[in-house]
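J.: Sequence and computational prediction follow.
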Amino acid sequence: MPHPPRANRAYRIIASIVRPVLFAVTRRAWSGTEHLPRETGFIAAANHMSYADPLTTAHFLYDNGFVPRILAKAPLFKVFFVGRVLRASGQIPVYRNTSRAGESLEAAFEALREGECVAVFPEGTLTRDPELWPMTGKTGVARLALVSKAPVIPIAQWGAHRLMPRYGKLPRPFPRKLQTVVAGPAVDLSDLYDKPLEAAVLREATERVMAAITAQLAEIRGEEPPATRFDPRTSPEVSRKIGGDHATRPEHP
């Protein structure tokens with residue numbers, strides 16, 4: 001497969017190494033690629049349940065002709081070798097709760113203006129929902145979407161948690177794991193574009209994105225999602241339990 005035209009040399013080298021590995025350890029059920037914009041930059045917003053998500057989501061986008069610029073936690077850029085790979089491939093560090101927080105959005109805005117794909121995991125971290133449903137999202141995706149007015153494409157993916165269990169330290173490559181990835185129609189945020197970026201507006205936009213991702217994931221799983229989205233801010237005991245017993249907690253099949 002030819003590399004996407006926007007892929008730089010480092011991205012092509014990394015893809016040439018990672019893609020054969022993913023082909024060897026996964027089976028793929030990909031759909032909805034007709035919703036991925038070809039003529040403009042866009043935001044790819046995906047659910048997050050495994051440390052393997054960035055790889056499986058990037059694989060889906062890359063093999064469909066896009067070079068995702070992924071918003072990733074800044075500490076990862078300080079990890080030996082990992083940081084070099086992230087910087088060389090043009091990924092975007094997220095500086096949370098610091099004076100540099102605005103740099104992440106500005107880098108993402110610039111990528112969108114240049115017609116690139118910016119990939120985000122709106123939950124900001126692995127979901128704390130006990131059954132791996134998307135939890136409440138952070139408002140960064142809303143701010144990025146409402147200021148840039150770039151299309152937000154919801155991406156639901158299921159299966160990465162079998163390749164790398166939530167909080168797991170070691171992958172489970174065999175037998176090959178089915179990775180289902182579905183891209184949906186752009187989330188309609190047009191009625192919010194000209195409103196002030198107040199908390200209520202940002203929360204509304206964020207919830208629309210999370211609702212679209214959740215609806216697609218429900219179709220993949222053939223299950224009904226929870227009536228109320230998990231919120232770690234209001235469920236601290238459950239959040240601590242999930243974080244505290246991750247070494248032995250069984251993962252959802």
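T.: Good, I have the coordinates. Predicted, not measured: the structure shown is a model, and the values here were computed from it.
J.: Going along the chain, name the strands of the chain.
T.: Using DSSP state E, the strands of the chain run over 26-31, 42-46, 69-73, 92-94, 117-120, 152-158, 177-183.
J.: Tell me which residues touch Gly184, please.
T.: Taking CB atoms under 8 Å, 6 or more residues apart in numbering, we find Gly184 in contact with Gly32, His35, Ile153, Pro154, Ile155, Ala156, Ala212, Ile213, Ala215, Gln216. Heads up, the C-betas are built off the backbone N, CA and C, glycines and all.
J.: isn't Met1 right next to Asp63, touching?
T.: Yes: using CB atoms under 8 Å, Met1 is in contact with Asp63, at 6.4 Å.
J.: Could you check which of these two is surrounded by more residues?
T.: Neighbours per residue, other CB atoms under 10 Å: of Met1 and Asp63, the larger number sits with Asp63, 17 against 8.
J.: quick one: that one and His3 touch, right?
T.: No: using CB under 8 Å, Asp63 is not in contact with His3, being 10.1 Å away.
J.: want to throw the strands of the chain into a markdown table with mean pLDDT and distance to Lys195?
T.: Below are the strands of the chain laid out as a markdown table (pLDDT from 0 to 100; distance: least, CB to CB, whole Å):
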| stretch | mean pLDDT | distance to Lys195 |
| --- | --- | --- |
| strand 26-31 | 98 | 33 |
| strand 42-46 | 98 | 18 |
| strand 69-73 | 91 | 24 |
| strand 92-94 | 90 | 25 |
| strand 117-120 | 98 | 21 |
| strand 152-158 | 98 | 16 |
| strand 177-183 | 98 | 27 |
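J.: Looking at the ones you listed, which is nearest to Glu204?
T.: Nearest to Glu204 among the strands of the chain is strand 152-158; the distance by CB to CB comes to 13.1 Å.
J.: Give me the contact list for the closest one.
T.: Strand 152-158 has contacts (CB under 8 Å, 6+ apart) with 35-37, 42-47, 53, 56-57, 60, 141, 145, 179-187, 189, 209, 212-214, 216-217, 219-221.
J.: Just put the strands of the chain in JSON lines and tack on mean neighbour count and distance to Ala200.
T.: Converted to JSON lines, these look like this (neighbours: other CB atoms under 10 Å; distance: least, CB to CB, whole Å):
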{"stretch": "strand 26-31", "mean neighbour count": "15", "distance to Ala200": "34"}
{"stretch": "strand 42-46", "mean neighbour count": "26", "distance to Ala200": "20"}
{"stretch": "strand 69-73", "mean neighbour count": "21", "distance to Ala200": "24"}
{"stretch": "strand 92-94", "mean neighbour count": "22", "distance to Ala200": "24"}
{"stretch": "strand 117-120", "mean neighbour count": "27", "distance to Ala200": "21"}
{"stretch": "strand 152-158", "mean neighbour count": "25", "distance to Ala200": "18"}
{"stretch": "strand 177-183", "mean neighbour count": "21", "distance to Ala200": "28"}
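J.: Nearest to Thr228 among these would be which one?
T.: Comparing those against Thr228 with CB to CB, the closest turns out to be strand 152-158 (19.0 Å).
J.: Can you tell me the strand partners of the closest one and which way each runs?
T.: strand 42-46 (parallel), strand 177-183 (antiparallel) (DSSP bridges).
J.: Can you give the contact residues for the shortest one?
T.: I take that to be strand 42-46. Residues from elsewhere that reach strand 42-46 (CB under 8 Å, 6+ apart): 36, 53, 57, 61, 66, 68, 112, 117-122, 141, 144-145, 148, 150-157, 183, 186-187, 209, 213.
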